[in-house]
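Generate coordinates for the sequence data below:
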Amino acid sequence: MKSLFKSKPKTPADLVRRTRELLIYANGECTSSREDKRVEKMAELSTLMKDLKTILYGNGESEPVPEACAQLTQEFFRVDTLRPLIICLPKLSLDSRTDAAQVVANLQRQQVHSRLIASEYLEANKDLLDLMIPGYENPDLALHYGAMVRECIRHQSVARYVLESDHMKKFFHYIKLPNFEIASDASVTFKELMTRHKSTVAEFLTKNYNWFFPEYNSTLLGSDNYVTKRQGIKLLGDMLLDRSNSAVMMRYVCSKENLRILMILLRDPSNCISIEAFHVFKLFVANQNKPPEIVSILVANRNKLLRFFVDFKMDKENEQFEADKAQVVKQIEALEQIAAPEQIVVSEQITAPEQIAAPEPRDQE
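Have a look, this model is predicted:
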C-alpha cells in the first residue's frame, strides 16, 4: 500500500520552477527565517543544482537526454531563473557555485527547435553582464562569474554589449590583479572578447583605437609581469594578423610610438617574448607605405638590427620563422633614407619615442 502514495518524479520544468522559488527565497528574507528552515531550504537548493547539472551533462553512467535538456532550457529562461541565480551566487556553497556556473555555461549552447534560447534571453537582458563582470573584484566569486561571462559572450550581441561598455577599461585592471588565478581568468575572458567575433571586434578597435592601444601598450606590453607581457604580445599579434583587423593593423604599424615598444620587446631577456614581438615587428617592415618617421628609425638602426638578426633564432628550428626573418633582413637592407635620420639612443627604459633601444645581438636561451 505504501508504494501507492509515492510522489510523482519531478520533470525538468518542475525542477527549474522549484529552483527559482528557492533562489528567490534565498535572495529575500531568508535571514529572518528560523535557522533550521533556512538550512533545510539551502540544502534543497544545492541538491537541485546538482539535479539540473545531471540532466544537462549526464551522470557518468548515462548520456544527457535531449528532450529533457530542451525542457529544462526552455523553462529556465521562460521563468527568468538566470537573474535570481546570478544574484544568489554569493549565498551558495562553493560546490553549488561550481554547479551553478556549469549549468549556466551548458545552457548557452542548448538549442530548442533549432533556436538558441539563451541568446534570445540575453539579448533582452544584457544588464545581467553588469552583475557578472564586476564579480572579478570578489576573490570568492571571480572564477565562477568569469566562467559564466565567457559562455555568455559566445553570443555576438552580448559580446558587442560588453565591448561597447565601460567594462572593457576595467579588464585592464582585472588582468593586473595580484591573485594569479583571477588575473589569468580575466586574461582568458579578455582574449575571448578580442578574438571570437571578428567583425564586432574590428568595429570596436576602429572606434576605440585612440584609448585602447595606448592602454594595451602600457598595461600589457609594458608590464613587469612575465605572463602578462607574454600573453599581451601574443594576443596583439593574433589581433593584428587577423584579416578582419587589416585597417587597424595598418594604423598600428604607422605609429612611431608602437615601433618603439616593439623594438624594446625584441630585446626582452625572454626568447618567447622576443619571438612574439618579432611577429609584430615584421609588420612594420613589411608595410609598403611606411611613413617617413618609420623608415627613418629603421634606417638609423639598420646595422644594429642586422647584427641582432644574425643570432636571432627560435629554440627549435622553424622554416617559416627563418623565411620571415630572411625577408625582414632583406627589406631592412633595401631601405633608403627618405628623411633626416632620427638617431635612437640605446636605453633600458621605455621613454620618449626618440630613445628607442635598438636590439643588440645576444645569446639565445
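
Let me see the ranges of the strands in the protein.
Assigned by DSSP state E, the chain shows strands spanning 111-112, 115-116.

Ok, which of the ones you listed comes nearest residue 76?
strand 111-112 (10.4 Å; C-beta to C-beta). In this view, the C-beta of every residue, glycine as well, is placed from N, C-alpha and C.

Go ahead and name everything in contact with the closest one.
70, 73, 74, 117 (C-beta atoms under 8 Å, 6 or more residues apart in numbering).

Partner strands of it, with direction?
Strand 111-112 sits in its sheet next to strand 115-116 (antiparallel), going by DSSP bridges.

Average pLDDT for the partner strand, rounded please.
The average pLDDT for strand 115-116 rounds to 94.

List the contacts of the longest helix along the chain.
Looking across the chain with DSSP state H, the single longest helix is helix 35-57. The contact list for helix 35-57 (C-beta under 8 Å, 6+ apart) reads 12, 15-16, 18-19, 22-23, 25-26, 30-31, 33, 64-65, 68-69, 72, 91-93, 95-96, 99-100, 102-103, 106-107, 110.

Recalculate using a threshold of 7 Å.
12, 15, 18-19, 22, 25-26, 30, 64, 68-69, 72, 93, 95-96, 99-100, 102-103, 106 (C-beta atoms under 7 Å, 6 or more residues apart in numbering).

cool, stretch 322-331 as well?
Outside stretch 322-331, the residues touching it (C-beta under 7 Å, 6+ apart) are 282, 285, 286, 306, 309, 312.

need the helices for the stretch 101-250 of the chain, in chain order.
117-124, 128-132, 142-152, 156-163, 167-174, 180-195, 198-216, 226-241, 246-252 (DSSP state H, counting those that start in this stretch).

what would those look like in TSV with distance to residue 46 and mean neighbour count?
Formatted as TSV, those follow (distance: least, C-beta to C-beta, whole Å; neighbours: other C-beta atoms under 10 Å):
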stretch	distance to residue 46	mean neighbour count
helix 117-124	23	18
helix 128-132	21	18
helix 142-152	14	23
helix 156-163	28	19
helix 167-174	29	17
helix 180-195	24	18
helix 198-216	38	15
helix 226-241	35	19
helix 246-252	47	16
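
how about those in a markdown table, adding distance to residue 271?
Output for the helices of the stretch 101-250 of the chain, formatted as a markdown table (distance: least, C-beta to C-beta, whole Å):
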| stretch | distance to residue 271 |
| --- | --- |
| helix 117-124 | 43 |
| helix 128-132 | 38 |
| helix 142-152 | 30 |
| helix 156-163 | 33 |
| helix 167-174 | 26 |
| helix 180-195 | 21 |
| helix 198-216 | 23 |
| helix 226-241 | 11 |
| helix 246-252 | 24 |
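
Out of those helices, the one nearest residue 317 is which?
Closest approach to residue 317 among the helices of the stretch 101-250 of the chain is made by helix 226-241 (20.5 Å; C-beta to C-beta).

could you dump that closest one to PDB, C-alpha only?
The C-alpha coordinates for helix 226-241 follow below in PDB (Å, rounded to 0.1, in the frame of the first residue of the first chain):
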ATOM      1  CA  TYR A 226      56.300  38.000 -17.500                       C
ATOM      2  CA  VAL A 227      53.000  36.200 -18.000                       C
ATOM      3  CA  THR A 228      51.100  39.400 -18.600                       C
ATOM      4  CA  LYS A 229      53.600  40.700 -21.100                       C
ATOM      5  CA  ARG A 230      53.900  37.400 -23.000                       C
ATOM      6  CA  GLN A 231      50.200  36.900 -23.300                       C
ATOM      7  CA  GLY A 232      49.800  40.600 -24.300                       C
ATOM      8  CA  ILE A 233      52.300  40.400 -27.200                       C
ATOM      9  CA  LYS A 234      50.900  37.100 -28.400                       C
ATOM     10  CA  LEU A 235      47.300  38.400 -28.400                       C
ATOM     11  CA  LEU A 236      48.500  41.600 -30.100                       C
ATOM     12  CA  GLY A 237      49.900  39.500 -32.900                       C
ATOM     13  CA  ASP A 238      46.800  37.500 -33.200                       C
ATOM     14  CA  MET A 239      44.600  40.600 -33.500                       C
ATOM     15  CA  LEU A 240      46.800  42.500 -36.000                       C
ATOM     16  CA  LEU A 241      47.300  39.400 -38.200                       C
END
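
same for that helix, what does it pack against?
helix 180-195, helix 271-286 (3 or more C-beta pairs under 7 Å, 6 or more residues apart in numbering; DSSP states H and E).

hmm, try it at 10 Å
On a contact count with 3 or more C-beta pairs under 10 Å, 6 or more residues apart in numbering; DSSP states H and E, helix 226-241 meets helix 180-195, helix 198-216, helix 246-252, helix 256-266, helix 271-286.

Mean pLDDT for those - can I get that in JSON lines?
Below are these laid out as JSON lines (pLDDT from 0 to 100):
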{"stretch": "helix 180-195", "mean pLDDT": "97"}
{"stretch": "helix 198-216", "mean pLDDT": "97"}
{"stretch": "helix 246-252", "mean pLDDT": "96"}
{"stretch": "helix 256-266", "mean pLDDT": "96"}
{"stretch": "helix 271-286", "mean pLDDT": "96"}
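
Could you point out which of those sits nearest residue 234?
Closest among those, using C-beta to C-beta: helix 271-286, at 5.0 Å.
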